[in-house]
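[1] this one's structure only:
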């Protein structure tokens, strides 16, 4: 009986504790595609990926993913011509602009821009669920 009462007290304490508010959803997605000057160069691809990983130290980035073309079915609507891609999530366009100006991002560009021949960016504002 005492154990049940103790458990009930714990349950009451847990139910009365305020739940943390859910984290704010990212509002802007920044997707960048890189084409290497030397397509197929594993060394250049590895160097670019290492440079992109440095961007994780920029605190304003909510989420960062780095990838390469997937070995999915070839279809007319799939463009797998790029070498490396990075996908970032930000709270706002203001945060994304702050990222662009951040010293770590500027150092990344300076140290890696010799690797790519083309960069294509898609910025997307997230449409909230109704």
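    Here it is on my side, so go on. Since the structure is predicted, the reported quantities are computational estimates derived from the model, not experimental observations. Numbering: from 1, shown residues only.
[2] what's the next secondary structure element after the helix or strand of the chain with the lowest mean pLDDT?
    Ranking every helix and strand in the chain by mean pLDDT, DSSP states H and E puts helix 2-16 at the bottom, with a mean of 51. Using DSSP states H and E, the helix or strand that follows helix 2-16 in sequence is strand 28-36.
[3] can you give me the buried ones in that following strand?
    28, 29, 30, 32, 33, 34, 36 (16 or more other Cβ atoms under 10 Å). C-betas here are computed from N, CA, C, even on glycine.
[4] what's near enough to touch the second one?
    When you say that, I think you mean residue 29. Going by Cβ atoms under 8 Å, 6 or more residues apart in numbering, residue 29 touches 87, 88, 89, 90, 123, 124, 126.
[5] just the buried members of the residues you listed?
    Judged by 16+ other Cβ under 10 Å, buried ones among the contacts of residue 29: 88, 89, 90.
[6] show me where the chain has its helices.
    For the chain, helices defined by DSSP state H occupy the ranges 2-16, 42-54, 93-101, 103-112.
[7] got the buried residues for the last one?
    Within helix 103-112, the residues that count as buried by 16+ other Cβ under 10 Å are 105, 108, 112.
[8] export the contacts of residue 29 to CSV and tack on pLDDT and distance to residue 72?
    Converted to CSV, the contacts of residue 29 look like this (pLDDT from 0 to 100; distance: Cβ to Cβ, whole Å):
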residue, pLDDT, distance to residue 72
87, 98, 16
88, 97, 22
89, 96, 23
90, 96, 27
123, 97, 24
124, 96, 21
126, 91, 24
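[9] out of the residues you listed, which sit inside strands?
    Counting by DSSP state E, the part of these found in strands is 87, 88, 89, 90, 123, 124.
[10] between those residues, which is nearest residue 57?
    Nearest to residue 57 among those: residue 88, at 13.0 Å, using Cβ to Cβ.
[11] which non-adjacent residue is nearest that closest one?
    residue 30 (4.4 Å; Cβ to Cβ, 6 or more residues apart in numbering).
[12] distance-wise, check the nearest residue to residue 124 once chain neighbours are set aside relative to residue 107.
    Leaving aside its chain neighbours, residue 124 sits nearest to residue 29 (4.5 Å; criterion: Cβ to Cβ, 6+ apart). Residue 29 sits 23 Å away from residue 107, going by Cβ to Cβ, to the nearest Å.
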